[in-house]
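Q: sequence first, predicted coordinates after that:
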Amino acid sequence: MQSVNMLQAKSTLSRLVDAIEQGEEREIVIARNGRPAARLVPMESSASGPRIGVAKGAFTIPDDIDANNDEVARLFLNGDAA
C-alpha cells in the first residue's frame, strides 16, 4: 500500500489513478499533515461473465409487445378497471 501526501497527490493524481487502474496498486492512502485522510481504491466493476438465463426459452416476446402501452399507462395512472 502506497501512501502519498496531499501535495504529491494533487500533482500526480493522473499517475496514481493509472496505477490503481492497471492493478499496480490496490490502495493508495492520501495523507494530510502526515495523517491518513483518504483512500484511492479501484471502482467495483460489474460482472461481465455469462448470465444465468434461468428463464431462457420459457416464454417468447411478441413482436407487438408495445401495442397496448397507452392503455396500460391509463390503467396504472387512472386506476380504471376493465
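A: Received it, and whenever you're ready, just let me know what you need. Numbers count the residues shown, from 1 in each chain.
Q: contacts and neighbour counts: CA atoms only from here.
A: Fine.
Q: output the worst-scoring helix or strand of the chain on mean pLDDT as PDB, restricted to C-alpha atoms.
A: Using mean pLDDT, DSSP states H and E, the weakest-scoring helix or strand in the chain turns out to be helix 69-78, at a mean of 90. Taking C-alpha atoms only, helix 69-78 is exported to PDB below (Å, rounded to 0.1, in the frame of the first residue of the first chain):
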ATOM      1  CA  ASN A  69     -48.700   0.800 -23.900                       C
ATOM      2  CA  ASP A  70     -51.200   3.700 -23.900                       C
ATOM      3  CA  GLU A  71     -53.900   1.500 -22.400                       C
ATOM      4  CA  VAL A  72     -51.600   0.000 -19.800                       C
ATOM      5  CA  ALA A  73     -50.400   3.500 -18.800                       C
ATOM      6  CA  ARG A  74     -54.000   4.700 -18.500                       C
ATOM      7  CA  LEU A  75     -54.900   1.700 -16.200                       C
ATOM      8  CA  PHE A  76     -51.900   2.400 -14.000                       C
ATOM      9  CA  LEU A  77     -52.400   6.200 -13.800                       C
ATOM     10  CA  ASN A  78     -56.200   6.300 -13.600                       C
END
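Q: off-centre distance for that helix?
A: Its chain's average C-alpha position is 32 Å from that of helix 69-78, according to C-alpha atoms, centre = their mean, to the nearest Å.
Q: okay, residue 67: pLDDT?
A: Note on residue 67: pLDDT of 93.
Q: local confidence estimate at residue 59?
A: pLDDT, residue 59: 84.
Q: doesn't it fall inside a helix?
A: No - Residue 59 is assigned coil when assessed by DSSP: H, G, I helix; E, B strand; the rest coil, not a helix.
Q: and residue 8, what does it touch?
A: Contacts for residue 8 (C-alpha atoms under 8 Å, 6 or more residues apart in numbering) come out as none.
Q: quick check: it vs residue 28, distance?
A: Applying C-alpha to C-alpha, to the nearest Å, the value for residue 8 to residue 28 is 12 Å.
Q: please enumerate the helices of the chain.
A: 6-11, 13-21, 69-78 (DSSP state H).
Q: now these in TSV, with distance to residue 40?
A: Shown next, in TSV, are the helices of the chain (distance: least, C-alpha to C-alpha, whole Å):
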stretch	distance to residue 40
helix 6-11	10
helix 13-21	8
helix 69-78	45
